[in-house]
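>>> Provide a 3D model corresponding to the input given below.
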Amino acid sequence: MKHKFLIGGLLLGVMMITGCQLAKEEEQVSKGRFIGVYLRTDRMGHLAEEDLPQVVYDEETETYEVKEEKGYFFFSPSVTKKDGERYQEQVTSGHLSDMNITVSVGEGGGTAQDVEAVLYFTEKNQIFYPYRIRQDENGEVFMQRSDDMGYQVDHLSALMLSEDDSYDGIGNNEGYQMKFKVSFLYKAAPEVVRIFEMGKDHAIRKKTVLQASMRPEEYRPEENTEYLLLEYESSLEGEESIDRLLVSKEEASFPLYEEAEGVLLKKLVPILWEE
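Here you go, the predicted model:
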């Protein structure tokens, strides 16, 4: 399955696509590298910087975790293990979907990291407050308010935060670059999902109905099933809406959605095709 979303973005700042409105982030001056983003909605409340959740390092597990977690986040801190080995950990609240992470190392040893993700939200006129997550030279990870305002999103919006630290085209030895883009997509939670197993003649061989609370760990089509046709039925502003998705034998999974804290979590269900 391939889903393509045309999302606008603005490098080195914040872009919001609501009509022709454009908000540009003020330049940030702070210690520590920019390693991720923490988002809250107006339902959760806007926080002063001193009230932001703490990020702590667990010496036993050699991992970072967010205390008093409430919000949506992803960050990639550098971890130095007791044996001296270093690696990039990826810490997430689990609310961001369709995540794509690219890390590249330049000829001079500098590193560049690009992160893209989608946040499916179920309530219109949401206002999101972005906060940067940083890591200093001692390994301490902390959050920093990005600016003083929230950003309202509609059907298609994107937030991009980016930062360069002496990074050039070839990536010099001191260079570091981080780009984070989260796209906001309004989507009603499906109430019913119907799975049709289709034959070569495009006739329905079998029909399976899943209610909202039903989330199979895997799905095994019957023999001679050529492809699947999925229908996602939801109620959008009081009107019934049906989205359809074709899934061929080349696809290894199909998505189901679970509502949690005002967003939809996209879960992929493995397909066990008959050989």
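>>> pLDDT weak spots in the stretch 101-250 of the chain?
147-148, 154-156, 166-174 (pLDDT under 70).
>>> Most distant residue from the centre of this structure?
Asp201 (38.2 Å; CA atoms, centre = their mean).
>>> Tell me where the stretch 151-275 of the chain has helices.
Using DSSP state H, counting those that start in this stretch, the stretch 151-275 of the chain contains no helices.
>>> all strands for it, in order.
151-152, 156-165, 176-186, 192-198, 204-211, 227-236, 239-248, 253-260, 263-270 (DSSP state E, counting those that start in this stretch).
>>> got the contact list for the residue nearest the centre of the chain?
With distances taken as CA atoms, centre = their mean, the residue of the chain nearest its centroid is Leu96 (2.7 Å). If you count contacts by CB atoms under 8 Å, 6 or more residues apart in numbering, Leu96 has them with Tyr72, Phe74, Ala117, Val118, Leu119, Val182. In this view, the C-beta of every residue, glycine as well, is placed from N, C-alpha and C.
>>> If we use 10 Å, what do you get?
37, 39, 72-74, 115-120, 182-183, 263, 265-266 (CB atoms under 10 Å, 6 or more residues apart in numbering).
>>> hey, what's the closest residue to it other than its chain neighbours bridged with?
Excluding the flanking residues, the one nearest Leu96 by CB to CB, 6 or more residues apart in numbering is Ala117, at 4.0 Å. Beta-bridge partners recorded for Ala117 (DSSP bridges): Val182.
>>> quick one: which of the contacts of Leu96 is nearest to Gln54?
Phe73 (12.6 Å; CB to CB).
>>> Please read off the pLDDT at the closest one from the model.
On pLDDT, Phe73 comes in at 92.
>>> Can you tell me the element it falls in?
Using DSSP states H and E, Phe73 falls within strand 72-75.
>>> So what are the sheet partners of that strand and their directions?
Going by DSSP bridges, the partners of strand 72-75 are strand 33-41 (antiparallel), strand 91-92 (antiparallel).
>>> The next helix or strand after it: which residues count as buried?
Next in sequence after strand 72-75, counting helices and strands by DSSP H and E, comes strand 78-80. Residues of strand 78-80 classed as buried: Val79 (neighbour count, 16 or more other CB atoms under 10 Å).
>>> how far does strand 78-80 sit from the chain's center?
Taking CA atoms, centre = their mean, to the nearest Å, one finds the center of strand 78-80 at 23 Å from the center of the full chain.
>>> Check which helices and strands it is in contact with.
strand 86-88 (3 or more CB pairs under 10 Å, 6 or more residues apart in numbering; DSSP states H and E).
>>> Glu223: what's it in contact with?
If you count contacts by CB under 10 Å, 6+ apart, then Glu223 has Glu197, Arg205, Trp273, Glu274, Glu275 around it.
>>> Tyr219 is nearest to which of the strands of the stretch 151-275 of the chain?
Of these, nearest to Tyr219 by CB to CB is strand 263-270, at 5.4 Å.
>>> ok, and for that closest one, which residues are buried?
Val263, Leu264, Lys266, Val269.
>>> From the residues you listed, pick the one nearest Ile101.
The closest of these, once distances to Ile101 are taken by CB to CB, is Lys266, at 16.1 Å.
>>> what sits opposite the residue nearest to that closest one when sequence neighbours are not counted in the beta ladder?
By the measure of CB to CB, 6+ apart, the closest residue to Lys266 outside its immediate chain neighbours is Ser97, 3.7 Å from it. Here Ser97 sits in beta bridges with Val118, going by DSSP bridges.
>>> now Ser97: how far from Thr225?
For Ser97, the distance to Thr225 (CB to CB, to the nearest Å) stands at 27 Å.
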